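Colleague: The amino acid sequence is not available; the structure is as follows:
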């Protein structure tokens with residue numbers, strides 16, 4: 001793992017929340033045990049993304065099934081990917097690591113400290129949502145400030161209402177979160193584009209010190225054109241080049257008619273392809289990675305996230321959602 005001093009602020013661009021790869025269930029010692037984490041395949045996929053122009057990785061986020069892994073497995077995966085990327089010629093490649101605890105500060109800091117030792121540069125900390133609306137906006141700020149005070153790496157706020165009893169960090173709350181020097185950004189995994197734009201353009205936030213990312217590629221163009229830093233997008237795990245190209249064009253300061261037309265085309269094929277992820281979720285992401293890169297298995301994740309798509313379902317979904325992005329990806 002690397003000991004180099006890393007930039008404090010994550011770069012703008014496209015990050016991929018990668019799935020965690022497992023060895024085939026048939027290789028598991030008994031039928032009642034969970035499949036083992038497959039770090040060599042994890043490294044292969046990480047190198048594939050780095051070579052495709054992806055800015056960085058989010059390991060062990062929601063797509064990465066952090067809650068299904070033990071503490072040692074999480075450490076070994078992050079350390080293994082860091083070592084593998086260094087060996088492949090990508091030293092200090094950007095890695096965020098997901099902190100998906102139930103909300104206890106000491107538990108959260110244990111995850112963060114482990115990730116720092118394993119070589120991650122940033123911790124993506126899920127908003128504590130076990131008690132739902134009982135968590136006031138002021139107390140969310142208190143929580144993140146205490147975590148950030150003690151975290152050995154910079155922290156990003158991960159707001160995913162779908163897994164946190166619909167706790168939504170309000171736009172004005174980010175102003176208070178961004179005031180902490182060790183809170184350097186956020187990932188909004190919800191459909192409220194207005195929140196992305198408000199936080200990205202808020203004049204009371206230093207946007208060189210606090211980066212806004214969406215969890216959805218279908219929002220990339222609209223939010224990056226209005227100041228957001230980029231996306232953390234699961235579909236880019238198997239169609240990386242198209243999303244990278246869209247990001248590169250969307251963040252240009254001057255856009256002529258030709259560039260605008262290409263942005264419109266790219267955003268359309270990305271948004272259409274994202275319907276595949278909306279429909280089939282994490283199992284769909286793993287299916288896409290396997291069918292398009294040959295990496296992983298068609299067994300899904302750990303229980304209860306097991307399963308695959310039949311050839312019939314895959315081909316139907318491919319025709320409905322993926323045909324446009326496949327054609328575009330092949331040209332890049």
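Modeller: Noted; the coordinates are in hand. Owing to the predicted nature of the structure, the values given are computational and were not obtained by experimental measurement.

Colleague: would you list every one of the helices in the stretch 51-200 of the chain?
Modeller: Taking DSSP state H, counting those that start in this stretch as the test, the helices found in the stretch 51-200 of the chain are 71-87, 105-118, 137-150, 171-178, 193-201.

Colleague: May I see the ones you listed organised as a markdown table, with mean neighbour count, distance to residue 273 and mean pLDDT added?
Modeller: For every residue, glycine as well, the C-beta is placed using N, CA and C. Compiled in a markdown table, those are given as follows (neighbours: other C-beta atoms under 10 Å; distance: least, C-beta to C-beta, whole Å; pLDDT from 0 to 100):
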| stretch | mean neighbour count | distance to residue 273 | mean pLDDT |
| --- | --- | --- | --- |
| helix 71-87 | 19 | 25 | 98 |
| helix 105-118 | 18 | 30 | 97 |
| helix 137-150 | 17 | 33 | 97 |
| helix 171-178 | 20 | 29 | 98 |
| helix 193-201 | 19 | 19 | 97 |
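
Colleague: how about the ones you listed in JSON lines, adding distance to residue 260?
Modeller: Below are the helices of the stretch 51-200 of the chain laid out as JSON lines (distance: least, C-beta to C-beta, whole Å):
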{"stretch": "helix 71-87", "distance to residue 260": "35"}
{"stretch": "helix 105-118", "distance to residue 260": "40"}
{"stretch": "helix 137-150", "distance to residue 260": "38"}
{"stretch": "helix 171-178", "distance to residue 260": "28"}
{"stretch": "helix 193-201", "distance to residue 260": "19"}
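
Colleague: Which of the ones you listed sits closest to residue 292?
Modeller: Evaluated over the helices of the stretch 51-200 of the chain, closeness to residue 292 peaks at helix 71-87, with 20.2 Å, by C-beta to C-beta.

Colleague: quick one: that closest one to helix 105-118, angle?
Modeller: Per axes from the mean of the first three to the mean of the last three C-alpha atoms, to 10 degrees, the angle that helix 71-87 makes with helix 105-118 is 30 degrees.

Colleague: centre of the chain versus helix 71-87, how much separation?
Modeller: 17 Å (C-alpha atoms, centre = their mean, to the nearest Å).

Colleague: helices or strands next to that helix in the packing?
Modeller: Applying 3 or more C-beta pairs under 8 Å, 6 or more residues apart in numbering; DSSP states H and E, we find helix 71-87 packed against helix 39-51, strand 56-59, strand 95-99, helix 105-118.

Colleague: The lengthiest helix in the chain - what's its average pLDDT?
Modeller: Across the chain, the longest stretch assigned as helix under DSSP state H is helix 257-293. Across helix 257-293, the average pLDDT comes to 97.

Colleague: In it, which residues are buried?
Modeller: Neighbour-count burial for helix 257-293 flags 263, 266-267, 269-274, 276-277, 280, 282-291, 293 (criterion: 16 or more other C-beta atoms under 10 Å).

Colleague: Nice, that's everything, thank you.
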